Structure formats: structure tokens, C-alpha cells
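In: Coordinates only, no sequence provided:
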Ligand SMILES: [Mg+2]
């Protein structure tokens, strides 16, 4: 493996961090994370935060990270909402949508010129996302619209979002419910591990992918995305993945870290 860039200057140019399970668990920042981010920034390294979670917008995530002791402007946060907005802007500009998702996602879509509709016969696309206000009527409208010809997209396919208590059912449950009743598979899922997501964040970072590393707690999203993109990856064991699961998985990270602070040792053979 070519790690010449890490042995010459010891660190990557940009660190792309997952948030839930990597930076924080629920409303609690994980130990030593703010100090680690501050150290990377003091060494001139770019830090950016990437989440499949659409229940907060980037301003809210930036404020939350700042409250955790990690001062972060909204421009340094990317969620699956932005990636969906850009993707739909190319596929179906101005489309009429039925969104099974929470207000931050809906607000981002409306701000980008998409129109909400509750009439199945005029809906161009159904969007499935993480929705803690899911009710039967939302599923009924998705069913009616897709059976009437609407296209079907999703923000992300995470099975659950890790929390201090264990977790919350995520967008995979919504996608599965719609697929089960319509018999129609979701057309595109824009979030991690999609190439759409990594291309978006690399565009924001502005560095070539070999100078970037993805750090996250989930093999099938964070690590799979980096592997497919030919980027370095680090799995942290502070969220969704246990050490035994990591050891048994066919999805292999470049590095396995017990704590986020261990990223400071990556690429440093003398540490
Ligand atoms: Mg995570």
C-alpha cells in the first residue's frame, strides 16, 4: 500500500469524520474527541463532518459540534440532505415530492425549489429517510404514489442510529416498509456508502482522495464508502461496531482504532 504521503508528513491532509457513534453518542460528546480535533486543526489539517442523519440541518450540526467544544461552521458539515438536493436537482428539478422524513430534510428540499404534495397522482418522487414521526398515512401516500408511477429515492440505508440507550430505527426501516408493500426497489440511496456522497464531500474538501481519510464507526457505510472510493479509512469502536464484528467482517478498514484520539498516531511509524 502506498503510504508515502503519511510517512513524509505523518498526517493526512483532510480528516472526514462521521458524527453519530464517532464524535458523539446521542447528546454526549465522546471522550478526548474535542482535543483530538483541535490538535489536527492546529497542525493545519482540514476537518469536515459527514452524516447520513437528516434529522438535523448543517447549521444545527455546526452549533451542536460547537457546543461540544469543536467550533465548526455549517460549511464544514455535510449530511445526506445536501447530497439528495444536488442529486434531485439534476434528476428531477422542481419535482413534486412526498417526503417521509423530519422537518430539517423537508426544509432543505423546499429551499432548493422542490414542492411538497399530498396528492398521489401528482407526486413525481417519494423520498424515504430517518423519520421518528412515521405514521400509517405517510406509508399509504408513498404506496399510492409509487403504484401510480412516482420514482422512489432515499437519503440513507442505516438500519439504526446509535444512541446512549442503544439505538433508534433509521431509514432502512422506512425503505423496507415501502419496498415490502409496493414490491418496487428504491432507485437510488444517496448517503454513505454511495459514490454520490463521497464525491460531494471530496468536492467540498478540495483535496485529492489519497490525501483524505474517512473515520467512522460503521463498516457498511463509512468504511465501505472509503474502500470503494480508494480512500484510506479508520474504524472507531465507539459506536455501532464491536471489535469482534470488525474482526469477522469482509469489509476491512485501513486502520482499527479503539478511540478517536488514536488517529493522531496513524501514519506515524515512530508513535
Ligand atoms: Mg456513525
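Out: Right, received. Where do you want to start? All values derive from a computational prediction rather than experimental measurement. Numbering: from 1, shown residues only.
In: Identify the residue nearest the residue of the stretch 101-250 of the chain found nearest the ion in space, chain neighbours excluded?
Out: Here the stretch 101-250 of the chain gets closest to the ion at one residue, residue 217, 4.4 Å apart by Cβ to the ion. To be clear about C-beta, it is placed using only N, CA and C from the backbone, and glycine gets the same treatment. Of all residues not flanking residue 217 in the chain, residue 239 sits nearest, at 2.9 Å (Cβ to Cβ, 6 or more residues apart in numbering).
In: can you give me phi and psi for the one you found?
Out: Main-chain dihedrals, residue 239, degrees, to the nearest 10: phi -140, psi -110.
In: In contact with it: list those residues for me.
Out: 20, 21, 22, 25, 162, 216, 217, 218 (Cβ atoms under 8 Å, 6 or more residues apart in numbering).
In: Return the closest of those residues with respect to residue 96.
Out: Lowest distance from residue 96 to the contacts of residue 239 (Cβ to Cβ) belongs to residue 20, with 31.0 Å.
In: ok, that closest one - how many residues close by?
Out: When counting by other Cβ atoms under 10 Å, one arrives at 23 neighbours for residue 20.
In: Next up, the contacts around it.
Out: So residue 20 contacts 51, 53, 161, 162, 217, 239 (Cβ under 8 Å, 6+ apart).
In: Am I right that the second one sits in a helix?
Out: The reference is to residue 53. No - counting by DSSP: H, G, I helix; E, B strand; the rest coil, residue 53 falls outside a helix, being coil.
In: For it, give me phi and psi.
Out: When read as degrees, to the nearest 10, the backbone of residue 53 gives phi -80, psi 120.
In: correct me, but it touches residue 130?
Out: Yes - counting by Cβ atoms under 8 Å, residue 53 does reach residue 130; the two are 6.2 Å apart.
In: These two: which has the busier surroundings?
Out: Comparing residue 53 with residue 130 by other Cβ under 10 Å, the one with more neighbours is residue 130, at 28 against 25.
In: From residue 79, how far out is residue 59?
Out: Distance, residue 59 to residue 79, by Cβ to Cβ, to the nearest Å: 11 Å.
In: Between those two, which is the more surrounded one?
Out: Higher neighbour count among residue 59 and residue 79: residue 79, with 27 against 12, using other Cβ under 10 Å.
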